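> Here's my sequence, what's the structure:
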Amino acid sequence: FGGLNDLKKKIIRQVKDDIYEKDPIRILRAFRFKHSLNFKIEDETLKTLLRDKSLLEKVTPERMQDEFFRILLMDNDILYDLYEAKVLNVIFPHVNFDFMDMALKNLKESIEKPEKLFKREEIREVFVNFWNEPVGKEITHLQTFKLAVLTFGEETPALFIRRRFAASLRICTKVQNVIFAYKYLKNSYEEDQDILAVDFIGTFFRTYKKETIEAYLLLYFTFKSLRKFPKKEVLDFIGLFVKNRFKSLVISGKEIVKEYGLTPSPFVGDLLMYLKAHQILEKIKTKEDAKALIDKYLKRGSE
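As a prediction, this is how the structure comes out:
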């Protein structure tokens with residue numbers, strides 16, 4: 001079939017017309033090889049591929065995960081190529097191109113040029129490394145972010161990801177929480193709430209602490225062109241979160257319950273997130289600082 005000659009010319013050519021009927025995942029694989037190996041899909045092959053793209057609906061979720069999660073690690077160009085070929089819409093029928101374009105372009109620039117966001121080198125390094133940190137066993141923050149961007153138009157993203165890719169509950173929840181956290185922030189900002197107030201951040205942490213970086217970064221991408229948007233303050237907060245997110249709280253929940261005669265409850269959980277917000281913002285640094293804040297919090301709650 002002239003396979004060696006095609007390899008030399010860097011051409012992807014189908015062997016038979018029914019190749020995608022037998023295994024539709026080859027449609028995605030053709031695009032992956034095109035972008036990873038810098039090949040060209042031969043014209044007739046491309047026509048057949050586009051004709052049969054709807055066959056991707058028949059691919060099992062497990063095989064779809066294996067192939068598409070690899071694509072998520074590649075440069076964004078492949079997603080644009082898949083969108084232009086209307087293949088991406090088969091996998092993500094409610095993909096919002098404008099949102100996808102805004103989020104992916106801004107994230108790529110942020111990772112490649114973190115100095116535009118953060119002055120301190122230590123924060124830039126941790127920020128860039130964050131995107132390669134694992135979420136569960138099979139995926140990274142970069143991949144979950146891209147999945148969130150692609151499923152932004154879905155009503156129940158977690159259920160969609162589960163059905164489409166047979167992803168773990170942890171991944172499904174992570175993707176959905178990135179979307180919901182961003183929407184919560186966006187609505188709050190548009191309602192003129194102070195999204196950088198410690199009380200607001202403490203409440204945000206109660207539900208979306210693990211999605212803080214992605215949600216606030218997406219908010220920054222969305223509104224950074226607006227003069228009134230607090231760009232510097234939002235980036236400063238993201239930087240502090242990046243720097244301090246793994247630091248243990250200076251006082252534990254058990255200590256608080258024992259010393260203040262409280263019982264484990266959602267109230268104590270809210271208090272812990274309130275303290276965590278202060279610590280990440282570097283407003284408290286010692287146990288004594290935390291206790292003084294707890295006294296104020298409890299007094300405020302009793303009024």
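
> any idea which element the nearest residue to Tyr220 once chain neighbours are set aside lies in?
The shortest distance from Tyr220 to any non-neighbouring residue, by C-beta to C-beta, 6 or more residues apart in numbering, is to Val234 (5.1 Å). Yep, even glycine has a C-beta here, placed from its N, CA and C like the rest. For Val234, the element it lies in under DSSP states H and E is helix 231-244.

> So for stretch 50-58, what gets flagged as buried?
Using 16 or more other C-beta atoms under 10 Å as the test for burial, stretch 50-58 gives 52-53, 55-56.

> Nearest to Tyr80 among these?
Lys53 (15.9 Å; C-beta to C-beta).

> ok, that closest one to Lys231 distance?
41 Å (C-beta to C-beta, to the nearest Å).

> For the helix holding Val234, name the packing helices and strands.
Helices and strands touching helix 231-244, as assessed by 3 or more C-beta pairs under 8 Å, 6 or more residues apart in numbering; DSSP states H and E, comprise helix 121-130, helix 212-223, helix 266-280.

> which element is the residue nearest the centre of the chain on?
With distances taken as C-alpha atoms, centre = their mean, Phe145 lies nearest the centre of the chain, 2.1 Å away. Element membership of Phe145 [criterion: DSSP H and E] is helix 141-150.

> Might you report the residue contacts of Tyr20?
14, 26-27, 48-49, 52, 55 (C-beta atoms under 8 Å, 6 or more residues apart in numbering).

> what about 6 Å?
By C-beta atoms under 6 Å, 6 or more residues apart in numbering, the contact list for Tyr20 reads 26-27, 52, 55.

> tell me the pLDDT at it?
For Tyr20, the model assigns a pLDDT of 89.

> Could you report the distance from the closest residue to it other than its chain neighbours to Leu28?
Nearest non-adjacent residue to Tyr20, counting by C-beta to C-beta, 6+ apart: Asp52, 4.0 Å away. Between Asp52 and Leu28 the computed distance is 12 Å (C-beta to C-beta).

> Kindly report the domain assignment for the chain.
Residue ranges for the domains of the chain, per automatic domain parsing: 1-91, 92-246, 253-302.

> so which of these is the most packed in?
Neighbour counts (mean count of other C-beta atoms under 10 Å) averaged over each of the domains of the chain peak at domain 92-246, with a mean of 17.

> Run the chain-centre distance for that one.
Centroid separation for domain 92-246 versus its chain: 5 Å, with C-alpha atoms, centre = their mean, to the nearest Å.
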